[in-house]
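Colleague: let's see this in three dimensions:
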Amino acid sequence: MSVLDGVHSPGDIKNLNNSELEVLCSDIRKQLVETVSQTGGHLASNLGVVELSVALHKVFDSPIDQIVFDVGHQCYTHKILTGRKERFSTLRQEGGISGFTRTDESEHDIFSSGHSSVSVSQAIGLAKAKRIKAEKGKVIAVIGDGALTGGLAYEAFNNGSYDCGNLIIILNDNKMSISRNVGSMSRHLTNIRTSKQYFNLKSGVSRVLARLPKIGSVINRCLTFVNSEIRKKVYNNATFFEELGFRYYGLIDGHDLESLISVLTAAKTQHHAVLIHISTVKGKGYNPAEKNPTQFHGIGKFNAVTGECNAGGSNFSSIFGETVCRLAEKDGRICCVTAAMAEGTGLSEFAGRFPKRFFDVGIAEQHAVTFSSGLAKNGMVPIFAVYSTFLQRSYDQLIHDVAMQNLKVIFGIDRAGFVGEDGESHQGVFDVSFLNTVPNLTVYSPSCYNELQGMLNEAVYNGSNAAAVRYPRGKEKRMPEGYSYDGSDFSVFGDVNSKNCIITYGREFSECYAAYEQLENTFVIKLNKIKPVETAVLNLAENAKHIFFYEESVKAGSVGEVFAAMLKENNINVNFRHIAVENEFIKQASVESQLKKYKMDKDSIIKEVSDVKKNQA
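Modeller: Take a look at the predicted model:
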């Protein structure tokens with residue numbers, strides 16, 4: 001029987017010795033590889049925090065001690081240790097456990113997560129609340145070094161140390177050290193500062209000095225100053241955190257359980273804010289992931305024995321990348337910007353071929369948009385490639401720094417619509433609604449690769465204002481035979497004198513067209529440009545008796561609502577049905593299952609249109 005077999009809750013590891021904990025880590029790594037190879041998910045980052053997660057639950061008492069993971073995709077070992085081991089095979093599956101922390105899954109998941117750089121702010125709020133209410137327990141934020149490229153983390157650090165003696169921040173450095181001089185001397189100093197002998201000596205000296213009238217306090221201040229100066233010399237740039245009021249411990253080997261347990265135990269006894277800097281290896285313990293951590297960061301199904309990934313082929317992201325490369329070959333003004341998602345958005349080739357015109361700004365979407373506005377102001381044509389869910393973070397910059405300035409910035413919005421197994425935090429169903437509120441912005445929504453290529457070209461060369469091209473995750477779906485994008489704002493299929501009119505855009509067109517082929521007295525209008533919606537679409541639809549508007553978007557503020565308002569304003573009286581997502585978050589499932597749940601699949605469309613026909617008979 002493996003050690004993991006006997007672990008069902010955090011309490012089960014409290015009495016395990018270091019040798020048993022080492023075996024436990026090995027067992028967990030095996031389960032991580034076996035499971036993710038079948039479900040897909042974030043593998044490399046989770047392999048890198050196995051020892052840290054075990055040490056955290058060895059030392060602290062969750063959920064009294066609250067652990068916040070940033071980004072939540074580092075939480076797999078945490079889930080295994082907190083009662084979800086038996087369900088771990090359902091990772092990212094419909095009805096299964098999430099690939100991120102989720103408050104509705106476990107009391108040990110303090111926040112539902114999905115976006116980066118938020119943990120320190122959350123942890124400070126938790127810690128302050130505990131202090132106000134005189135509640136027991138520490139608050140521990142685990143933040144990856146990539147998350148430190150987000151400005152929110154620094155805003156939090158700036159006000160995090162004051163009156164937060166119950167706060168511990170763990171910086172998981174899995175790329176490079178913050179300071180090149182954090183080495184053996186700093187590790188030796190950290191070992192001294194976290195030892196019981198050091199604490200006993202320090203507290204003993206403080207008690208003796210406190211008894212000495214007048215001179216005692218002077219000596220104590222001098223010793224504190226000398227201590228501080230020594231730390232500055234040894235830690236060098238890492239004292240950035242000490243200047244902000246945090247007690248810094250580092251650099252710690254994040255795969256050395258004994259060292260981790262020692263420093264965490266010491267931090268637990270402190271009465272001031274602590275930052276622990278650890279070094280880990282992404283993909284640790286699984287050779288394919290160690291060799292290629294980027295590929296195994298977020299990965300689909302793969303062969304667990306060989307590490308060989310399932311063949312991918314072309315998808316919307318790769319076609320986007322190929323297209324911007326072709327445009328950049330002919331136009332030296334074109335630049336590409338990404339927020340730490342070069343591979344995910346298909347820009348790896350562009351980065352290699354045009355390094356001077358490629359900018360990865362880190363996990364800093366707000367900066368990416370305003371930075372792009374600067375490029376545009378001085379004559380470049382920036383293309384910011386970003387997932388729909390992450391574009392939400394830069395709504396203010398989109399309005400103030402791009403649209404209000406009437407600057408030509410192109411937004412390549414990847415993962416628009418349903419995204420499947422990534423769950424609530426990653427669904428791309430909000431961008432349409434907030435983009436609809438922004439003046440001086442044109443929005444395209446391609447349904448296939450051919451349209452993506454044509455619309456990108458239009459976005460770059462037609463008009464002088466900002467434009468967004470939003471496209472779904474994965475591969476293109478079936479299109480009408482012989483169809484080719486001709487630059488039209490919309491396309492019509494079928495007899496416009498039919499009683500039933502289906503209006504849609506993007507990936508959903510394929511489902512609607514497949515339904516149309518089996519329906520009578522029906523025609524389809526496919527919107528290519530969804531902002532603005534041309535009045536010509538209204539003129540075509542007004543003769544229909546029933547209009548069915550389908551879109552992978554939340555209903556509030558959507559294109560369907562805009563079109564419904566247009567009908568009302570023009571006194572067009574038709575039976576209008578709007579099929580979209582109501583005011584809710586979309587749970588993890590396959591895209592096919594999500595389409596079916598929200599009645600946007602072919603069969604549901606056929607039923608909806610046929611039922612209206614029956615009711616009118």
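Colleague: how close does Phe240 sit to Val23?
Modeller: Computed as Cβ to Cβ, to the nearest Å, the Phe240 to Val23 distance reads 38 Å. Yep, even glycine has a C-beta here, placed from its N, CA and C like the rest.
Colleague: actually Val409, not the one I typed
Modeller: In this view, Val409 and Val23 are 53 Å apart by Cβ to Cβ.
Colleague: compare the two and say which is more crowded by neighbours.
Modeller: The neighbour comparison of Val409 against Val23 (other Cβ atoms under 10 Å) goes to Val409, with 32 against 14.
Colleague: all strands in the stretch 151-300 of the chain, in order from the N-terminus.
Modeller: Using DSSP state E, counting those that start in this stretch, the strands found in the stretch 151-300 of the chain span residues 167-173, 247-253, 274-279.
Colleague: I'd like to know which of these is closest to Ile547.
Modeller: strand 167-173 (52.2 Å; Cβ to Cβ).
Colleague: from the chain's centre, how far out does that closest one sit?
Modeller: Chain-centre distance of strand 167-173: 19 Å, with Cα atoms, centre = their mean, to the nearest Å.
Colleague: and it, what other elements does it pack with?
Modeller: Under the contact criterion of 3 or more Cβ pairs under 8 Å, 6 or more residues apart in numbering; DSSP states H and E, strand 167-173 touches helix 119-133, strand 139-144, helix 257-268, strand 274-279.
Colleague: deepest-packed of the ones you listed, please.
Modeller: Compared across the helices and strands packed on strand 167-173, strand 139-144 shows the largest average neighbour count, a mean of 28 (mean count of other Cβ atoms under 10 Å).
Colleague: paired strands for that strand, with orientation please.
Modeller: When pairing is defined by DSSP bridges, strand 139-144 lines up against strand 66-70 (parallel), strand 167-173 (parallel).
Colleague: distance to Arg333 added to the ones you listed, as CSV?
Modeller: Below are the strands paired with strand 139-144 laid out as CSV (distance: least, Cβ to Cβ, whole Å):
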stretch, distance to Arg333
strand 66-70, 37
strand 167-173, 37
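Colleague: with mean neighbour count as added columns, please give these in CSV.
Modeller: Below are the strands paired with strand 139-144 laid out as CSV (neighbours: other Cβ atoms under 10 Å):
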stretch, mean neighbour count
strand 66-70, 27
strand 167-173, 27
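Colleague: and stretch 424-442, which residues are buried?
Modeller: 424-433, 435-436, 438, 440-442 (16 or more other Cβ atoms under 10 Å).
Colleague: so which of the residues you listed are in strands?
Modeller: 441-442 (DSSP state E).
Colleague: and of the buried residues of stretch 424-442, the nearest to Arg507?
Modeller: Comparing the buried residues of stretch 424-442 against Arg507 with Cβ to Cβ picks out Gly428 as the nearest, at 10.6 Å.
Colleague: show me the contacts for the closest one.
Modeller: 387-389, 413, 415-419, 470, 472-473, 552 (Cβ atoms under 8 Å, 6 or more residues apart in numbering).
Colleague: what's the closest non-adjacent residue to it?
Modeller: Nearest-residue entry for Gly428: Ser388, 3.0 Å, with adjacent residues in sequence omitted and distances by Cβ to Cβ, 6 or more residues apart in numbering.
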